[in-house]
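> structure here, sequence nowhere to be found:
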Ligand SMILES: Nc1ncnc2c1ncn2[C@@H]1O[C@H](COP(=O)(O)OP(=O)(O)OP(=O)(O)O)[C@@H](O)[C@H]1O
């Protein structure tokens, strides 16, 4: 069994961001409308950290000025003062807790608002990208931006940022207060700091390495499971269950081994840190007591300092915990912004489709899309406009094209297709048939030559208008979540129910749709998994029928339909194709036999062209393919 690929939608853990500051600036830019809220959150964080520092520092005052004097000799005024200061301390702690609650809640609000805007921009840009971009990036890579990357960014904004800032402020406040209380005890704190950083570097580095390995192993395992689920039928047919189990066990063992290592290192970090903190606490107590005995420090100062050391180790742990989350969130944000910064699909076309009354045509009083009412609106440099009828005349003049530079796929293609003509492309796999149709709708722009649509170079036509005038039925039909009615209406959103049913009848899809549990209102889920491949194609043909465009492209559209259904829809397609320019790509030569013109493609060039009878008479490549088919059958 081939080695499974790692699931490519998991970005490795520990991937570092490359441009931290520009990325942070950009995230702030998304919050620009909430500057007041942001400032309020910052103020709440400052209050919360200050409350902790002041609370701890007040201890010194309470002990030295109230508790110790009260212990030596009771005094009514002192007791009153003591109660008062305890009351103030309580208020300070309550205010601190309220500030913490406020900033956490508001940060959550701010993060969801920011994420909303980022997701909007991401999807907006994705829709504006060219097909070329999707050729270069996998489905998994793109999905990961919406799932993993936005999720870590959300976690960072809602949780880590506030925690990080609060912990840093607390650390700063505690350290300054410690310095004011006693420089001698602060030296111990600095030594503890060095030790903590050393352990974090050593153990944290090892832990990151094993987590990276764990992520890869998890990716391998998930990829394998996904592959086995997808290929369950093949596994069963070839009795590969045992093999699959062995391969799975090996991957599972790998994951178990690296996870154990990763978790050992991450789990020992916390106990080591808390032990260092405990040792430091003990040393501070001893040194503080000595200093108190020699009268260098007051008892209150030592106790307050001890309280501050507790407050000191906690923010360090919090900062170290948030740091990695923030780094991976920033790396994710960089990937998101990279997509947002991608140049959108270029469109310099200024010629658009228009109708004299800008209304849709009606069939029996129902709204439908009928592009026969439309014409091309051509703006001129002098500001005048001319109109040219939309007929669906396509012409290729010596077209060269390659998906990559220096690797031509189409070499000098010239052809003409006029209204009412059915042009078929045949040829071996990879010859360039689909590529020709991809150029008509400008999924890609040509390198050399010209493509004319109704005599207009297609580069001058706006892509939206161009694509509005074409319908494509592909072999791998895509159905969206929604009813059958909605899916057919996708071809023309303004079409009425009656027009949709009319289109379905035209494509001969009506009968099977009526047999579905809820007919046209049957819900389709997960790309129409509850339908057969042939039924999905019939819906796609009906979708093209409702769009009613002057140019129709069928790319292997009837490949999954049995011969009986094919004969049925052939009949329907005849009326659908009437008066239209039709391009058909088919491996099954019976489908193309009645085409007006058959083009035989070989390695990007048209080697033969003519009607079926002409090509058979010619006894060339088409003849070989055709007779070969008979031999095969
Ligand atoms: N998006 C793409 N990026 C790079 N190369 C591509 C892309 N699509 C197709 N190709 C290459 O272009 C060549 C022509 O492909 P095309 O899909 O047009 O062939 P085809 O004749 O339609 O084949 P088939 O009958 O198998 O569908 C092939 O060599 C293919 O590998």
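Perfect, I can see it now. Given the structure is predicted, the values throughout are model-derived calculations rather than measurements.
> right, and the helix or strand after the host helix or strand of residue 315?
Element membership for residue 315 (DSSP states H and E) is helix 299-340. The element immediately downstream of helix 299-340 (helix or strand, assigned by DSSP H and E) is strand 352-355.
> for the stretch 51-200 of the chain, which residues are neighbours of the ligand?
residue 135 (C-beta under 6 Å from any ligand atom). C-betas here are computed from N, CA, C, even on glycine.
> mind listing the strands for the stretch 51-200 of the chain?
With DSSP state E, counting those that start in this stretch, there are no strands along the stretch 51-200 of the chain.
> okay, now residue 171: neighbour count?
The local packing of residue 171 (other C-beta atoms under 10 Å) involves 21 other residues.
> check what pLDDT residue 516 gets.
We have a pLDDT of 89 for residue 516.
> can you tell me the SS state at it?
coil (DSSP: H, G, I helix; E, B strand; the rest coil).
> right, and residue 352 touches residue 467 too?
No. Residue 352 is beyond contact range of residue 467, at 11.9 Å (criterion: C-beta atoms under 8 Å).
> around the ligand, which positions in the protein sit nearby?
By C-beta under 6 Å from any ligand atom, the part of the chain that sits against the ligand consists of 135, 403, 409, 427, 429, 430, 431, 432, 433, 434, 435.
> and of the residues you listed, the nearest to residue 290?
residue 135 (73.1 Å; C-beta to C-beta).
> grab the nearest non-local neighbour of that closest one.
The shortest distance from residue 135 to any non-neighbouring residue, by C-beta to C-beta, 6 or more residues apart in numbering, is to residue 403 (7.1 Å).
> what sits against that neighbour?
Neighbouring residues of residue 403 by C-beta atoms under 8 Å, 6 or more residues apart in numbering: 132, 135, 409, 435, 444.
> same check on residue 397?
The contact partners of residue 397, by C-beta under 8 Å, 6+ apart, come to 414, 449, 450, 451, 452.
> how many other residues sit next to the closest residue to it other than its chain neighbours?
Once flanking residues are discounted, residue 397 sits nearest to residue 450: 4.5 Å by C-beta to C-beta, 6+ apart. When neighbours are defined as other C-beta under 10 Å, residue 450 has 14 of them.
> cool, the one 4 residues further on as well?
A count of neighbours around residue 454, defined by other C-beta under 10 Å, yields 21.
> quick one, phi psi at it?
Per-residue torsions, residue 454: phi 50, psi 40 (degrees, to the nearest 10).
> any idea how far it lies from the ligand?
Distance of residue 454 to the ligand, computed by C-beta to the nearest ligand atom, to the nearest Å: 25 Å.
> I'd say that residue and residue 393 touch.
Yes. Residue 454 lies in contact with residue 393 (C-beta under 8 Å); the separation is 5.1 Å.
> contacting residues around residue 394?
415, 416, 417, 440, 451, 452, 453, 551, 581.
> which parts of stretch 38-49 are buried?
38, 41, 44, 45, 46, 47, 48, 49 (16 or more other C-beta atoms under 10 Å).
> how far away from the center of its chain is it?
Distance, stretch centre to chain centre, for stretch 38-49: 33 Å (C-alpha atoms, centre = their mean, to the nearest Å).
> who's in contact with it?
Against stretch 38-49 from outside (C-beta under 8 Å, 6+ apart): 31, 95-97, 99-100, 102-103, 106-107, 110, 162, 165-166, 169-170, 173.
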